[in-house]
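Trainee: Prediction below, plus the sequence it came from.
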Amino acid sequence: MEGLSGWSGLLLTLVFICSVQTQKSGPGNTGGPPDCSYIQTFSPHGASGVYNIQPEGFRCSFQVYCEMGGHGIWTVIQRRTGGAVAFDREWAAYKNGFGFLAWDHWLGLEKISVMTKSKRWKLRVDLWDFEGGSAYAEYDDFRVGDESTNYRLSVGRYRGTAGDAIRGAYHGVDQNGFGFSTIDRDNDGCDPCILFGDIYVGKCTEYDRGGWWYSKCGSANLNGDWHPKGDNIGWFSGLHWLTWKGPAPYSARATRMMITPMLPYQKMS
Ligand SMILES: [Ca+2]
């Protein structure tokens with residue numbers, strides 16, 4: 001499995017070499033559709049699957065997974081359905097992306113950052129539990145800063161059924177406005193943090209693992225360790241959205257994060 005995920009990271013990295021352009025370009029001179037909702041607006045009836053896009057700010061096209069139905073048209077940036085693809089990775093992997101687009105993957109912070117720079121985007125988080133239930137959270141004005149900001153997270157108005165775990169179940173753990181942390185990059189605001197009254201935590205990634213916009217660790221982390229049914233409650237590291245289920249940390253069966261422009265494309269008549 002390690003070899004499998006290593007190869008996928010390499011493939012995504014190779015694709016990425018040509019993806020960020022050095023000179024500015026407008027929407028008129030990109031070579032492809034800027035996102036999945038553009039594809040479905042101008043070439044409707046596409047099925048969900050892997051498509052080529054070329055958002056503003058990219059010199060070459062690259063592949064993403066498009067969700068083409070249900071609750072709208074979305075460009076997927078994260079998916080978890082099991083434990084086969086490891087998410088316990090370093091900064092470079094989270095920057096460039098890893099996994100398999102049609103399966104479990106992380107699209108990559110650099111791509112997400114450049115994409116969300118160009119216009120206003122909405123983020124949708126879908127969560128599935130082991131009991132047949134699901135919940136969602138949507139945020140207006142989702143944006144990820146560039147690497148000089150440590151890919152700082154910015155979200156606007158929340159709506160949904162899962163609760164606003166980004167802004168936290170506990171006082172003072174707002175992840176909005178925080179940089180990204182991985183096991184080799186610590187931007188979590190803990191120096192140290194005292195959790196549960198008596199646990200001193202210097203690095204959230206040592207406990208929660210994965211990579212995330214940790215702020216004093218906080219209530220959301222969908223990139224921790226995946227746990228199977230019956231063994232998914234109470235772990236420090238899991239697929240956590242603590243405003244959804246608790247009080248013991250509940251690790252979701254599956255998760256998905258995806259984005260779409262806030263202003264729909266208009267067909268010219
Ligand atoms: Ca720290």
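Mentor: On my side now, so go ahead.
Trainee: for the residue of the stretch 1-150 of the chain found nearest the ion, what are its contacts?
Mentor: Proximity of the stretch 1-150 of the chain to the ion (CB to the ion) peaks at residue 150, 12.3 Å away. (Glycine included, C-beta is placed from N, CA and C.) By CB atoms under 8 Å, 6 or more residues apart in numbering, the residues touching residue 150 are 179-181, 185, 187.
Trainee: Please produce a PyMOL select command covering the buried subset of those residues.
Mentor: Selection of buried members from those for PyMOL, criterion 16 or more other CB atoms under 10 Å:
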select buried, resi 179+180+181+185+187
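Trainee: For the contacts of residue 150, which two are the farthest from each other?
Mentor: The most widely separated members of the contacts of residue 150, counting by CB to CB, are 179 and 185 (8.4 Å).
Trainee: any idea whether residue 156 is helix, strand or coil?
Mentor: Three-state assignment for residue 156 (DSSP: H, G, I helix; E, B strand; the rest coil): coil.
Trainee: I'd guessed it sits against residue 140; true?
Mentor: Yes - Residue 156 lies in contact with residue 140 (CB atoms under 8 Å); the separation is 3.9 Å.
Trainee: how about the residues of the protein near the ion?
Mentor: Residues of the chain lying near the ion by CB under 5 Å from the ion: 186, 188, 190, 203.
Trainee: and the closest residue to the first one other than its chain neighbours, how many residues sit next to it?
Mentor: To tie it back to what came earlier, the one meant is residue 186. Spatial nearest neighbour of residue 186, excluding adjacent residues (CB to CB, 6 or more residues apart in numbering): residue 203 at 5.3 Å. When neighbours are counted by other CB atoms under 10 Å, residue 203 registers 19.
Trainee: Also residue 191?
Mentor: Counted with other CB under 10 Å, residues neighbouring residue 191 total 10.
Trainee: What is the burial count for residue 235?
Mentor: By other CB under 10 Å, neighbour count at residue 235 equals 19.
Trainee: Likewise for the one 5 residues further on?
Mentor: A total of 29 residues lie near residue 240 under the criterion other CB under 10 Å.
Trainee: try the one 4 residues further on
Mentor: Applying other CB under 10 Å, we find 24 other residues in the vicinity of residue 244.
Trainee: ok, now residue 266?
Mentor: Residue 266 sits with 7 neighbouring residues when counted by other CB under 10 Å.
Trainee: farthest pair in the residues of the chain next to the ion?
Mentor: 186 and 190 (8.0 Å).
Trainee: what sits in contact with each of those two?
Mentor: When contacts are counted by CB under 8 Å, 6+ apart, residue 186 and residue 190 are jointly contacted by 202-203.
Trainee: Give me the more crowded residue out of the two.
Mentor: Counted by other CB under 10 Å, residue 186 and residue 190 do not tie: residue 190 has more neighbours, with 22 against 18.
Trainee: Can you tell me how far that one is from residue 196?
Mentor: Separation of residue 190 from residue 196 (CB to CB, to the nearest Å) stands at 13 Å.
Trainee: My guess is residue 37 contacts residue 264. True?
Mentor: Yes - with contacts counted by CB under 8 Å, residue 37 reaches residue 264, the gap being 6.9 Å.
Trainee: For these two, indicate the residue with more neighbours.
Mentor: Higher neighbour count among residue 37 and residue 264: residue 37, with 21 against 12, using other CB under 10 Å.
Trainee: Could you check the pLDDT of that one?
Mentor: Per-residue confidence for residue 37 comes out at a pLDDT of 95.
Trainee: Correct me if wrong, but it is in a helix.
Mentor: Yes - per three-state DSSP, residue 37 lies within a helix segment.
Trainee: out of everything not next to it in sequence, what's closest to it?
Mentor: Leaving out its chain neighbours, the residue that sits closest to residue 37 by CB to CB, 6+ apart is residue 73, at 4.1 Å.
Trainee: I appreciate the help and will end here.
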